[in-house]
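Colleague: I would like to see how this sequence folds:
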Amino acid sequence: MSVYLDHAATTPMLPAAVETLTAELARTGNPSSLHASGRAARRTVEEGRERLAAALGARPSEVVLTSGGTEADNLAVKGLFWARRTADPDRRRLLVSSVEHHAVLDPAFWMAEHAGAEVVLLPVDGDGVVDTAALAAELAEHGSRTALVSVMWANNEVGALQPVDEVVALAHRYGVPVHADAVQGVGQVPVDFAGSGLDAMTVTGHKLGGPGGIGALLARRGLDLTPVLHGGGQERGVRSGTLHAALVASFAVAAQEAVVTMPELAVRVGALRDRLVAGVLERAEGARLRGPAEASRRLPANAHFTFDGCEGDSLLYLLDSAGIEASTGSACQAGVPQPSHVLLAMGLGEDDARGALRFSLGHTSTQEDVDAVLEALPAAVDRARAAGRALRAAVPA
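Modeller: Have a look, this model is predicted:
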């Protein structure tokens, strides 16, 4: 039996999205071509754009199609910063939460190294929620020098929902645009671009039941973005590159279904998550839930734990050998496991942060999946803890 509980990394495609993708793959045509096949491909793209806009509370003209969430985040961080700095050279400060995905953090620090940005990491509380008082203080002192604020809709590791509306209200007092990476939120919680007041928002296909390799940056009308890619001038000149009509169509179908079924899915997977959390805390010694304990303040499909005295990687491999697929949620750079920057920002020490394990549910998750985890986890924790003790004993103090 194989149990897949890593939906936050990528979730299985919805049947309707698979059907759309396979049908469109049989068609030929570059959406930029002027002949009949090109015009047909363009119609597919524009119909997909309209579906995406309707599902996400945006206008079709605000949907900039990209290759995925990483490209959209890069376009938001770099494109907005460059545009703002060009209009006002004093606006060099780039405010990002300390728990952002690396697709936001890494471009921000690249801009610091190569484009003169001053990166400010906004602190979070012990639940992983951004400190809006710190943001308010930062803007009060440096609002006129701030180019951009980027705070994710929901954290990908511990599931903490962020106060996006409050962030937007604070930043807009100083004329500062706000971007949010919402790839984890769409399909789990209500996400409305227009209603949020955001200036830019990232979404991607493979997190919500669509294909990989396709995403979008929603950018409000009139927002000045400096292109990151240059070439054919597609997507209003903001994002050059030939659009893949089949991926766009499949992404749009998946987004539409994910949004329509979100209320029912959130209740169902939320109940599974609550059962999983209660069972893990009861059966696994030294297990600690990370992120908000209150269900309404975290993603319904997220359950993130640390286990005292364990290495998350050891737990992951032990569970994988039992047919259960989860994630540590931590970064791995140059083949060396690193403690999660999210957990460190929340105030955990490195030893505690290394014992992380994230279970993320989705539309294919069942009661049997939860039962399998609860059956296999206690033994895996015991073995991982014993291995940790042996390793520490072998390493000289």
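Colleague: ok, the residue nearest to residue 223 when sequence neighbours are not counted - how many residues close by?
Modeller: Excluding the flanking residues, the one nearest residue 223 by Cβ to Cβ, 6 or more residues apart in numbering is residue 199, at 5.5 Å. C-betas here are computed from N, CA, C, even on glycine. Neighbour count for residue 199, taken as other Cβ atoms under 10 Å: 24.
Colleague: for residue 98, see how far away residue 199 is.
Modeller: Look at residue 199 and residue 98: by Cβ to Cβ, to the nearest Å, they are 21 Å apart.
Colleague: what of residue 61?
Modeller: 34 Å.
Colleague: also residue 295?
Modeller: If you go by Cβ to Cβ, the gap between residue 295 and residue 98 works out to 24 Å.
Colleague: residue 79 contacts residue 225, doesn't it?
Modeller: Yes: Residue 79 lies in contact with residue 225 (Cβ atoms under 8 Å); the separation is 3.9 Å.
Colleague: shared neighbours, these two?
Modeller: Common contacts of residue 79 and residue 225 (Cβ atoms under 8 Å, 6 or more residues apart in numbering): residue 238.
Colleague: so which residues of the chain form strands?
Modeller: Secondary structure of the chain (DSSP state E): strands at 3-4, 63-66, 93-97, 118-122, 146-150, 178-181, 200-204, 215-219, 287-290, 302-307, 324-325, 332-333, 336-337, 356-360.
Colleague: partners of the second one in the sheet?
Modeller: So the one you mean is strand 63-66. strand 215-219 (antiparallel) (DSSP bridges).
Colleague: what does the strand it pairs with contact?
Modeller: The contact list for strand 215-219 (Cβ under 8 Å, 6+ apart) reads 52, 56, 58, 62-69, 71-72, 75-76, 183, 193, 198-205, 225, 238-239, 251.
Colleague: make it 7 Å
Modeller: 52, 56, 58, 62-69, 71-72, 75-76, 193, 200-205, 225 (Cβ atoms under 7 Å, 6 or more residues apart in numbering).
Colleague: same deal with stretch 250-264?
Modeller: Against stretch 250-264 from outside (Cβ under 7 Å, 6+ apart): 14, 16-17, 20-21, 48, 51-52, 55-56, 186-188, 205, 208-211, 214.
Colleague: using PDB, list the CA coordinates for stretch 22-36.
Modeller: C-alpha atoms of stretch 22-36 as PDB (Å, rounded to 0.1, in the frame of the first residue of the first chain):
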ATOM      1  CA  THR A  22      -4.500  15.100 -23.300                       C
ATOM      2  CA  ALA A  23      -7.100  16.400 -25.700                       C
ATOM      3  CA  GLU A  24      -5.200  19.700 -26.300                       C
ATOM      4  CA  LEU A  25      -1.800  18.000 -26.700                       C
ATOM      5  CA  ALA A  26      -3.100  16.400 -29.900                       C
ATOM      6  CA  ARG A  27      -3.500  19.900 -31.400                       C
ATOM      7  CA  THR A  28      -0.700  21.900 -33.100                       C
ATOM      8  CA  GLY A  29      -0.300  25.600 -33.100                       C
ATOM      9  CA  ASN A  30       1.800  28.400 -31.700                       C
ATOM     10  CA  PRO A  31      -0.500  31.000 -30.000                       C
ATOM     11  CA  SER A  32       1.600  33.800 -31.600                       C
ATOM     12  CA  SER A  33       1.100  32.500 -35.200                       C
ATOM     13  CA  LEU A  34      -1.400  34.200 -37.400                       C
ATOM     14  CA  HIS A  35      -2.700  31.200 -39.400                       C
ATOM     15  CA  ALA A  36      -5.700  29.100 -38.500                       C
END
